[in-house]
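Enquirer: Attaching a predicted model along with its sequence, questions to come.
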Amino acid sequence: MSAIEMLNPEACECHSPQEQRIFDEQKGKKDKYYDTHARVFDLIAKFEGQTPVIDVERALYFTQSMKETEGQPLVLRWAKALMHIAKNMTVEVEDGQLLLGRAGSKIGRYGILYPELDGDFLDIAVRDLPTREQSPATISPEDAKIVMEQIAPYWKGKTYHEALNKALPEWVHKLTYVDDEGLISRFVVNETSSFRSSIQWVHDYEKVLKRGFNGIKAEAEAKLAALDPASPVDQADKRPFLEAVVIVCDAIVLWARRYAAKAREVAAVTTDPVRKAELLRMSEIAEKVPAEPASNFYEAVQSQWFVQMFSRIEQKTGTTISNGRMDQYFYPYYKQDMEAGVLTEEKAMELLECMWVGMAEFIDMYISPQGGAFNEGYAHWEAVTIGGQTKDGVDATNELTHLFLRSKREFPLHYPDLAARVHSLSPDEYLWDVAETIKYGSGFPKLCNDEEVVPLYASKGGTFEEALDYAVSGCTETRMPNRDTYTSGGAYTNFAAALEMALRQGKMKKYGDEQLGVKTPDPRTFKTWDDMWEAYKAQQDLFLRATFTQQYIVTKVRAEHFAQPMGSALHDLCMKYCLDLHTRIIPEGANFGYFEFMGFGTVIDSLAAIKKLVFEEKRITMDQLLEAMDHNWVGYEDIQQLVKSCPCYGNDDPYADEIGKAIDRICVEFAQKYSPEMGINNDVRYVPFTSHVPFGKVVSATPNGRTEWFPLSDGSSASHGADVNGPTAILLSNYKTKNYGLRNRAARLLNIKFTPKSVEGEAGTEKLVQFIRTWCDLKLWHLQFNVLNQETLLAAQKDPQKYRNLIVRVAGYSAYFVDLSPDLQNDLIARTDHDDL
Amino acid sequence: MSTFEDRKVTGLVFNIQKYSVHDGPGIRTIVFTKGCPLACRWCSNPESQKPQPQMAFNPTRCISPAKCNFCIPACPYGSIRAVNGALDIDCTHCNDCETIACASACPAQSLIVYGKNRTVEDVLHVVAQDSIFYSRSGGGMTISGGEPLFQKKFALALLREARRRRIKTAIETCGCVPWEAMEEAAPLLNNILFDVKHTDSEKHKWATGRGNELILSNLKKLLETFPDKPVLVRTPVIPDFNDDDETARSIGRLLKGYANVSYEALPYHRLGTQKYMFLGREYPMGEVSLPAGVAARVQAIVDEERGAK
């Protein structure tokens, strides 16, 4: 998805539709889809390429209100703060937009601040954000002054991050942070809870569409009236919660109606009769929703948009708030309007794409340097889920499902993040459309597998109906919106560092003499593979203990710092028990947390190389290996090549995969044993975002031939260039390193790369569908494809080791690009006939 | 032959490639066997031609004798030396060498041996690893080469055993084999990919080393003896050899009237040039290339002539 900067953009022998589009744009051609999507193209043109601006209104009004309400129950304070924001935040109507609702006053790309979360970073952020390499943002001098004088000072000593820093015991703290203030991550047992109030989340949007906030408010009022006047719990706990719900229902309705008024105001001075009519219609709709139930498609879309934007104002959810099963909860309105002849596919798509534009303007800002490193390139995962099964377990796809896929191929930006649920009976009509969209080449949709998620959820506390109705949430995770409860971002645990410590008696090259890990014996004294394995296990075990203790403390500290009245109002269990969603344990709820396994491929390949070369074949000694690594392989290239030629994860090679399965098993067994007493599922996950890069920066050379400070392997993917047996082997290795008998696992992220040529034509689509069906039957959690070309091929030529698995279509068969001679590579790159290879 | 006998049969195999999606239906694994009666000038698998294992050297992968010298002491003939910072290999004894110690010692896959004797059991173990993909895609195993039926006993045992294990089978054949081999293999195959390079025997001989009489006669017998068998006839379209309209028409005429035949014109490509260099051979085709659109034209003419849409 990166911008393609080509030396010669015409040189490629086959372009993905995405690449073609970029080339056309470079030549100044009008976009193929401009005429059918003119409104959204014009909206985008106004902000494309703009550096995001920090908008301080949310933080300012939030802080003002919180100052006034100290000492009151947190949920009530939060609701009052939201009311204060709803009353005062600037409302603007964007020219050309059909939807109303922004989380700030700045038109264009903007981000907002959450000082309650990490306000102790604010002064650093205001200074560094404009020049930061990863995801920069600008702030006006006046707003910077507001931050420094009116926002940041109040939060000093009050933020979640500071509280956590103080609460961690010393032995966990030193694996978590480098410094006493906890501003610098150790990147060993890394906490991620301080850059989001919760991990990703999905609301039950359908509830708003069907009942409106007035309906929810009425429910809260009825409950208030029914409280036992003599009950201390009812009066001290439930009453403030229910009052908060009433306030927040009023707040979002007030906010929406201010937009309605603003739209009327703008309409009054608009001369173009078409736009004037649009504005008046928008105004009418915003007057009605989200207060009342939606009665048509337009109202449903506007109502949902208000909810998700207000949710972004309410708190910073990890990966931005997800959108749930849009093709399900919008479908009744879509079908009704289409059957009545009052809506067309084009009009429906235009409304949805107006929403995508709004998403693209809002930037999920990570102000801490660590948050930035984890989420490079303004990362966003607002996950719109399509496909899958109904609550009854039958296929759920409909006409709207296909409309989302079509929009993904035609809308020019990478919003929204689209997730396609797949199950064993997904119809061909759907999977072919999914495959065609994947071939578009921008990596969408990502796939999520019902055959893995549904049984796991049913086993972990959901009913079958709830499990079948799950929505994708954030990057790869999933949610049952009325059964799941909140959890904090989990530890990202660097097991490649555990490996390094096993070879350095509990120390790391990066941190010199600091004894961070277990003082295991000098590896030169290891007699057998078992000695090596035990030393690694000792370090891994320490890391797991730190991971779990850290998470337990995190969940307790979090509940004291955050509340979420609107999110709670939309949750059945919160309303039933009158508890805020941030409450540590909610009866009947299921808390799906996870910790991240960093460096899976790196660790497996390293242990396999040691096992084979040092202990089985005895081709090198441990001393030789350590010496080579100490020199970062310089002057020891023979040993580096030797370790690289050993069995690697990602090749369907049992030698490596059995080690992977054993490592995974230690994690799931630990989770099985200690999760219950914490009241959460702290399960093992393999999804690093972009963090395998910063984690690699603390790990010196590893026995798989990796050089020091180089990125770790990513997620459950193989080490860079280690998977040489093609994509089927990658899936099978993934399958064979899972412990299906235990349920203490969360998502695994899997990336596969294809070139456009290797999936060309109808035959290519068919094979892609077959590949997806096999993945589904292998019960792997997630899968996403890169279908790319050209710039990748050039990059592959420059750095073949990193692209060893790139498949290119050649004549009667496919071949690995890097296995071709430089001449042929040039030949493939230089061909201009797109049909002739 | 029983399964116990078939499993033990050995053959010379030089590669097993998974996730092949262009050589037969579905997702497939290709087993490449060594030995071929032809020596086509454009052959993209030159390492497949000789029916013995072959040493090769890929200098770009070599990390240089200054940094690595596992191979030098490994050679039992002392034929590998470092000269001016590069490896100098005297291949006089390579053909007789049974140890292939240099290739085993090389950590960089720079010294390569093409061809290894493997049992049917061993080959099918690798092929079966992807069986879940075959069952979901209608794919299976394709045997290719070289000419797979050049090692007739091995090929037949492999096909029989694959069918016992319910793995679907296909062959890529040059057709230049005794009819009896073809006749025995055909019932064991789900799909046949049959190359027709030229209809003129003299020209065929010039380019491949053999005339085409046996090939064309086998094709005719195959199509008439096994009329229900799906056969894909393919022509590598080679510049100034078979890229003219008349040759295309004559190929089309051969195929006319057969219901289960399909046809594909494959554009000439220069893959394999690198492998000639590894083997220390000149690439016979020099610098020629096929202009754009030629293969599509051949395809259209053949299809028109054979009466296919």
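Expert: Looks like it came in fine. As the structure is a computational prediction, the values presented were derived from the model and not from experiment.
Enquirer: so after the longest strand along chain A, what's the next helix or strand?
Expert: In chain A, assigned by DSSP state E, the strand with the most residues is strand A:590-598. Next helix or strand after strand A:590-598 toward the C-terminus (DSSP states H and E): helix A:600-609.
Enquirer: Next SSE downstream of that next one?
Expert: Downstream of helix A:600-609, the first helix or strand assigned by DSSP H and E is helix A:622-630.
Enquirer: now that next one, how far from the centre of its chain.
Expert: Relative to its parent chain, helix A:622-630 has a centroid offset of 38 Å by Cα atoms, centre = their mean, to the nearest Å.
Enquirer: helices or strands next to the helix or strand following it in the packing?
Expert: Note on helix A:622-630: by DSSP H and E, the next helix or strand toward the C-terminus is helix A:637-644. On a contact count with 3 or more Cβ pairs under 8 Å, 6 or more residues apart in numbering or on different chains; DSSP states H and E, helix A:637-644 meets helix A:622-630. C-betas here are computed from N, CA, C, even on glycine.
Enquirer: any idea where the helices of the stretch 151-300 of chain B begin and end?
Expert: Using DSSP state H, counting those that start in this stretch, the helices of the stretch 151-300 of chain B run over B:152-164, B:179-185, B:201-208, B:213-225, B:245-255, B:273-278, B:294-306.
Enquirer: Minimum distance to chain A: which of those helices has it?
Expert: Shortest distance between chain A and those, using Cβ to the nearest Cβ, is found for helix B:273-278: 3.5 Å.
Enquirer: Restricting to C-alpha, output that closest one in CSV.
Expert: Only the C-alpha atoms of helix B:273-278 are listed here, as CSV (Å, rounded to 0.1, in the frame of the first residue of the first chain):
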residue,chain,number,x,y,z
THR,B,273,19.8,-19.4,-19.2
GLN,B,274,21.3,-19.1,-15.7
LYS,B,275,21.3,-22.9,-15.3
TYR,B,276,23.3,-23.3,-18.5
MET,B,277,25.9,-21.1,-16.9
PHE,B,278,25.9,-23.2,-13.7
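Enquirer: ok, and does it reach over to chain A?
Expert: Yes - using Cβ under 8 Å from any Cβ of the partner chain, we find that helix B:273-278 touches chain A at B:Thr273, B:Gln274, B:Met277.
Enquirer: Hey, what's the angle from the longest strand of chain A to helix A:600-609? Just curious.
Expert: Strand A:590-598 and helix A:600-609 are oriented at 50 degrees to each other (axes from the mean of the first three to the mean of the last three Cα atoms, to 10 degrees).
Enquirer: For strand A:590-598, buried residues please.
Expert: Applying a neighbour-count criterion of 16 or more other Cβ atoms under 10 Å in any protein chain shown, one finds A:Ala590, A:Asn591, A:Phe592, A:Gly593, A:Tyr594, A:Phe595, A:Glu596, A:Phe597, A:Met598 buried in strand A:590-598.
Enquirer: again with stretch A:286-303
Expert: By neighbour count on 16+ other Cβ under 10 Å, the buried set for stretch A:286-303 is A:286-294, A:297-303.
Enquirer: Helices - which of those residues land there?
Expert: Using DSSP state H to define helices, the subset of the buried residues of stretch A:286-303 located there is A:Ala286, A:Glu287, A:Lys288, A:Phe297, A:Tyr298, A:Glu299, A:Ala300, A:Val301, A:Gln302, A:Ser303.
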